[in-house]
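Compute the structure for the input listed below.
(chains A and B)
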2 protein chains.
Amino acid sequence: MVQWVYRFGDGRADGQAGMKQLLGGKGANLAEMASLGLPVPPGFTITTEVCSYFYEHNRRYPDDLSAQVLAALEFLESSMGASFGDPQNPLLVSVRSGAPVSMPGMMDTVLNLGLNDQTVEGLASRAEDPRFAYDSFRRFLQMYGDVVLGVDHHLFEEALDDAKRHAGVTLDTELDIASLERVVGEYKSIIKRETGEPFPEDPLKQLWGSVGAVFSSWMTPRAVTYRRLHDISGILGTAVNVQAMVFGNMGPTSSTGVAFTRNPSTGERAYYGEYLINAQGEDVVAGIRTPQPLSKAMSEGGGLAGQALEETMPNAYAELSKVFDRLEGHYKEMQDIEFTVQRHKLYILQTRTGKRTASAALKIAVDMVDEGLLSPEDALSRIEPGSLDQLLHPTLDPKAERNILTRGLPASPGAVSGRLAFDADSAERRAAAGEGVILVRTETSPDDIHGMHAARGILTARGGMTSHAAVVARGMGKPCVCGAADLEVRSGDKKLRVGSEELGEDDVVTIDGGDGSLMLGEVPTVDPELGGDFARLMEWADAMRRLRVRTNAETPEDVRTALRFGAEGIGLCRTEHMFFDDGRILAMREMILATDTDGRRAALAKILPMQKGDFVEIFEIMAGLPVTIRLLDPPLHEFLPHSDDEMERVAEATGTPLARVKRRTSELRESNPMLGMRGCRLGVVFPEIYEMQARAIFEAAHEVAAKSGSTVVPEVMVPLVGASKELELLKQRIDAVAAQVAEEKGQQLDYLVGTMIEVPRAALRADVIAEHAAFFSFGTNDLTQMTLGLSRDDSGSFMESYLRDEIYPADPFQTLDVQGVGRLIEIARDGGRKTRPDLKIGICGEHGGDPRSIMFCEQTGLEYVSCSPYRVPIARLSAAQAALKGRS
Amino acid sequence: MVQWVYRFGDGRADGQAGMKQLLGGKGANLAEMASLGLPVPPGFTITTEVCSYFYEHNRRYPDDLSAQVLAALEFLESSMGASFGDPQNPLLVSVRSGAPVSMPGMMDTVLNLGLNDQTVEGLASRAEDPRFAYDSFRRFLQMYGDVVLGVDHHLFEEALDDAKRHAGVTLDTELDIASLERVVGEYKSIIKRETGEPFPEDPLKQLWGSVGAVFSSWMTPRAVTYRRLHDISGILGTAVNVQAMVFGNMGPTSSTGVAFTRNPSTGERAYYGEYLINAQGEDVVAGIRTPQPLSKAMSEGGGLAGQALEETMPNAYAELSKVFDRLEGHYKEMQDIEFTVQRHKLYILQTRTGKRTASAALKIAVDMVDEGLLSPEDALSRIEPGSLDQLLHPTLDPKAERNILTRGLPASPGAVSGRLAFDADSAERRAAAGEGVILVRTETSPDDIHGMHAARGILTARGGMTSHAAVVARGMGKPCVCGAADLEVRSGDKKLRVGSEELGEDDVVTIDGGDGSLMLGEVPTVDPELGGDFARLMEWADAMRRLRVRTNAETPEDVRTALRFGAEGIGLCRTEHMFFDDGRILAMREMILATDTDGRRAALAKILPMQKGDFVEIFEIMAGLPVTIRLLDPPLHEFLPHSDDEMERVAEATGTPLARVKRRTSELRESNPMLGMRGCRLGVVFPEIYEMQARAIFEAAHEVAAKSGSTVVPEVMVPLVGASKELELLKQRIDAVAAQVAEEKGQQLDYLVGTMIEVPRAALRADVIAEHAAFFSFGTNDLTQMTLGLSRDDSGSFMESYLRDEIYPADPFQTLDVQGVGRLIEIARDGGRKTRPDLKIGICGEHGGDPRSIMFCEQTGLEYVSCSPYRVPIARLSAAQAALKGRS
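Numbering: from 1, shown residues only, chains lettered A, B, ... in the order given. Next up is the predicted model:
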């Protein structure tokens, strides 16, 4: 016989905390608490298997469920000394849903179940309070009507309002018994009218109705959507908890409250919570009465006003404190607890892991290690790596006032204020003059990079979480709000319209890239704290992880940031970003506009010293840590101007006829630039470009080595290789430059040449490509685009549909597509290592900072991940968690 | 001891015909002829291994080569009864290169080697003709100076001209002995002056000089380029043939000539050749004297004038005829033979397989089967499948005069004439009025499709062999010349400039898509002959092949053409081409411009009957053969207008505000449309589109089945699937439509749903995709683009470099990239068949008509290939060859 029903109460239980899959979180914890001897009102849990059965059998129950429920009810009756439906001494119960994971969107609670025209009298006499009994009945009817029978709750509220108006009172609590009796009658009429059936007086019928409502709520669209959004799958269904009612509203010696065992905002080790005397649970959250603080420390701390439970009910408080300590010690987790005191007697109704802020989570985890509750490994596993992002950026001062103008997408975290700049040039000019600016654009393009660098934050009216602005801003670690559709950006007039407001260059705004809000004026921010608990957690993570963590960075500022965040090398130094600077773009454009090799060489000769200077600075900062430099990658047209105006300026500045600028721009235009003349194709066709870059790298390495006295071993990375011959050819040319530089300097050079694996063919041909490559770095952005045939810039129009329809489990540009791209990575790893067992393999690109993707990298045996500077701590923690998971 | 030298002559030889790799084609055939007892002047071959050794050892020879050459020379001397360098009776030799495959660009021939100031006198007395001897010496000096010593040949020609001027004569043959002696002296001075060394009088020194020159010519840039262009690899090098000289210029009883054993233009079984009395080989090709015909039949046939060899030297002719028959019978191939008659005695100097036209090749192969020389299998192997293309289209009448204006790329074969049309609309209008037009555009776009359909041929100024115009024209089987860079197309004025000519709408031109020429006026053409030999060859091919051959077609005209060419089904019916028709594009645009589902449904309702009509017509024509219909694939913006003018027209025609047309057009613009919102992504996001198409297909199938009484089983193909869930979802919707239609018609429907595998991820996930697919069709165009990260439209700018550097062995858009794309195809095949052993797998896309790619399809075990109608015969033959190769 299958056990469909699990009982708890009287110091014992059929279940325990480990049975969340079967009993749901609430049921398992109630069982656990009962077993621990805590004062839990007795009850029973109908398992998630029943829910599963229910959906597999056209919404019918197992045949033997009814008998098991009745037997459990008898247990309840005997435990409580009351009987279901007994007019003298009625047993009342609550019915609550409880899935294995916490999940809003489902039916929550029905209280006071068991009341009817007879039992309400029994309750009145047992409680010696007829008003309380009728008020309970009224509440039960409303809840049952709403959540079980689906009657519009406004109808009940209107009837209650009518009753108050009729009685000439304003608060529910002012209604007298007669009024309440009338309300009860009115509620029943509403139910009859709306459902066509009378309210079920039979408590058993009430019970089955509620159980069915809980199971049915499992499949409501809202619940289904929630599960999809939160990646919840592999769960049977929800459980149903039926529990004897206890009452916090039985007069002044009763109360009800919620509490955290630690402060959920700060993580401070102090009880934290609120309560109300003579109230039921829903009153605490309803906000009609102001709850009072739990402890004296809290009221002294200046939080809630009113007398603390510690003062009003010192015995209950003392008992509660013991329960808190017992539960936290037992679960080794900060607990979120609901309690009720019924006529001096304390009951614990629920306990669960408490939600907390990122900084609280960090403090609690570290404190619990110090308290001996947790091992460092446990502490590491407790922190959601992505949450660290909140700790690395300035955040809005929680006490500050905010005038929110509109919201966009939270594209890159951090809060920052500044005056509006409407184009990249003015942003750069004004920033150079010491002004703090926010660059606002309809959308950004590679032409805006210098402005994005100069600005404190970026705001756009169009584009999604993976738009140019969002990706670049995250890479730079700059706050960014994008896709704020209410904005009308008029760059020509230098005006920003949002609703009725019109802002100009002198107006100050604040953006919060963590929540996507745009605020008028300067809102004060709080700086992040990277020492203390954060540093300790990172230390543990570093001791635990196998994967190395590098960074994707090329500006000295980013490189320094990444080092501060613990990067162990540069995995991707994108040389093209270095060409967008005002001084260089001109020479770059000359190079592109040149009609022959000599012309290109002349222009490249101007860039060489600047490029070399970049590398010198990076090698100096990195002081011996590995640096992987990717040779020029983007299509040349990205460097050319697009508007007529700009083209005229370029023609003038480079001394090129305007017609040639236009012709060249048009020649370089491509149907699918992603798949066009870029990456190593540039290197194959224009050897002089990569030769200049190789020279800059080797001369810089030599110079820094000579100055510092230690070796600098640059790693030269060739992008977009698809055929081994490409790499073979380019490596020969790079080797030739290295030999030349070595001869000129009279000193041998150490260096590695490797490649990005970002074209599917490269993964398939990894065995032969590895003959020429000392390392592979998976460029998972492009590899994803090509493997899935999906342009990141264009996927916005359908990605939402795709995620809704669960075609991809997650946005493949945020979380690595393990089944497709991952398979290619494995093929490449196997092929590469077959040819070259010591091949160094890593991953660069956005996925290098994504926890689930890092888990894959660990399982796949890569050597390192590389990510943007602000993702480095996340990657360190994720790598540690992945290593721990691999061991368990 | 390695044998570096192989002798032949006197009825025996060290080598034989099968040793082409070692002896080169010429040497192997000389050995074979000698063994057959044919009158071959004796000689020896220095092997290709020596060439390979030469390059591997810094241009030195094997140590024992010299001794082997001297021994072979002794054999020659004893065979000829003459001695090398003997002043009385000198042995003279020719030195010729001879690689395993015929290859221009290398040193060809040095004749009369062995002559010097002494031996020339011996030759004079033996030949009893001093003038002949000195003329031979003069020729030798010039050849040796030019090809061995690298002296500019103009210098020799100028000296000869001076001598003729001095002697007051105009022809070489008019120079007397004294003049020739002076020329000899002058030639020696030139050699001394230009090389700094005197002419080598020592015959052995001459011999080694010539041998070295042959080996060195193997690596000249021209030879290297030739090998690359013709995909010649895996060859050791060239051999060198040293052969005793015989003389066709020893007076009126001597002659020399070249002959084919059959007519190389028509394939007719008749000797075909020409000869000159008293001449050396070079005189026949030099064109100073007009050669005479070989046979009486030839002169009677109205070809060459003059007396036939058959008349002038009947004995030699009779002997030659026997040799021809012997050689053809021996090689079972039409032979190209060089011969010399020296004082009545016939010598055969060379035989090789003769080059021929495509139609000659066909006739010869079929005739030889009838003659019992070949089996049908042999005949099939003899025909280069690609050459069939020439037989399927009208060709220029070879007798017609041509006024060639310029040349472009031969993008799609066939010759056609018509008046110029400068835009698609006027092309369509004029064609509808019965006018034959050639559409001329700078380049074409999908907007031009209806004009391309209407035109007889297409001419563009820009774009390569894989440009839009070229690909679409080949698909349509229409003649196309593209990338004719000299053209200036002024669509606005309706003028075409080419050089000094300016043509307008009333001018007639002819294009030949087989050679890329553009001609003024109408040049008559000759229609192809598809019966007779062609039909017999195809019959043999069909009996031999395993692979089925389908076609990519959607217009009734194309479908009928493909059937005529032997297609066994439609492998790819592209529904989008059906939407470009004038009547439909409007409804399509309404659909795209609609802002909601209802608007889209209303527009689609207009398209439904037309689309259904298309399918009815196709099902009727195909009469039960399988038809695979691909649902809508291209990005929607391809259907929208691009210029302001067009947008205004569309706004008016569809009753849409202009602003919305513009906004929608801009919304739909994509950075990388290849990787954007297209294929099944359209189907996922706008369910109504595919639902309309599915309904059109099922209703049409039902209607045709009802009318014809036989079953129609449409194959519905979902494009661009990357995740199994896409196909699962869309298949559910297609099944639902099928169920609806079945219910409406009261009749069950048979149909298959399958998918294109064109996204790399689909290949990697084929095992799960196959759960929902009844068939896979590899869309190798897109699969190549994505696997290689290479946009076909954009690869023009670097593909040339890539092929030159041998990064890819062939253009991957023409010949399947077996190592990359092929590997994915294998992975998909294995995955798909694992899940569904009866999975039907084929290939559509350009590669389906490429012989090398078809070889891969055979080896990989696919079921069918599908190609454009005009490639169907090529595919049938290729499939047969592939099957034969698999058996051998």
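
Quickly note the distance from the most centrally placed residue in chain A to A:Asp378.
Residue closest to the average C-alpha location in chain A (Cα atoms, centre = their mean): A:Gly386, at 5.8 Å. A:Gly386 sits at a distance of 19 Å from A:Asp378 (criterion: Cβ to Cβ, to the nearest Å). The C-beta positions use only the backbone N, C-alpha and C, and glycine is treated the same way.

Counting neighbours, what do you get for the closest residue to A:Glu268 other than its chain neighbours?
Excluding its sequence neighbours, the residue lying closest to A:Glu268 (Cβ to Cβ, 6 or more residues apart in numbering or on different chains) is A:Arg262, at 6.5 Å. For A:Arg262, the number of neighbouring residues by other Cβ atoms under 10 Å in any protein chain shown comes to 24.

quick one: contacts for A:Arg262?
A:Glu268, A:Arg269, A:Ala270, A:Tyr271, A:Tyr272, A:Glu328, A:Met334, A:Gly354, A:Arg356, A:Ala360, A:Ile364 (Cβ atoms under 8 Å, 6 or more residues apart in numbering or on different chains).

ok so, going back, if I look at the residue nearest to the centre of chain A, how far off is A:Tyr802?
22 Å.

In a helix, A:Val865, correct?
No - using DSSP: H, G, I helix; E, B strand; the rest coil, the assignment for A:Val865 is strand, not a helix.

so who does the nearest residue to it once chain neighbours are set aside touch?
Spatially, and ignoring its direct neighbours in sequence, A:Val865 is nearest to A:Gly848 (4.1 Å; Cβ to Cβ, 6+ apart). Applying Cβ under 8 Å, 6+ apart to A:Gly848 gives the contacts A:Asn552, A:Gly571, A:Thr780, A:Gly842, A:Ile854, A:Cys857, A:Val865, A:Ser866, A:Cys867, A:Arg871, A:Ala875.

Pull the number of nearby residues for the first one.
Applying the criterion other Cβ under 10 Å, we find 26 residues in the vicinity of A:Asn552.

in the stretch 301-450 of chain A, what residue is nearest chain B?
Proximity of the stretch 301-450 of chain A to chain B (Cβ to the nearest Cβ) peaks at A:Ser445, 10.2 Å away.

from what I can see A:Arg407 touches A:Ser517, true?
Yes - using Cβ atoms under 8 Å, A:Arg407 is in contact with A:Ser517, at 5.2 Å.

which residues are in contact with both of these two?
Residues touching both A:Arg407 and A:Ser517 (Cβ under 8 Å, 6+ apart) are A:Val481.

Neighbour count: the two, which is higher?
Between A:Arg407 and A:Ser517, counting by other Cβ under 10 Å, A:Ser517 is the more crowded of the two (21 against 16).

Relative to A:Ala297, how far out is the residue nearest to A:Glu268?
In terms of Cβ to Cβ, A:Arg262 sits 12 Å off from A:Ala297.

Then A:Leu388?
Here A:Leu388 is placed at a distance of 29 Å from A:Ala297 (Cβ to Cβ).

who's more crowded, the two?
The residue with more neighbours, out of A:Leu388 and A:Ala297, is A:Leu388; 28 against 15, by other Cβ under 10 Å.

No more questions from me, cheers.
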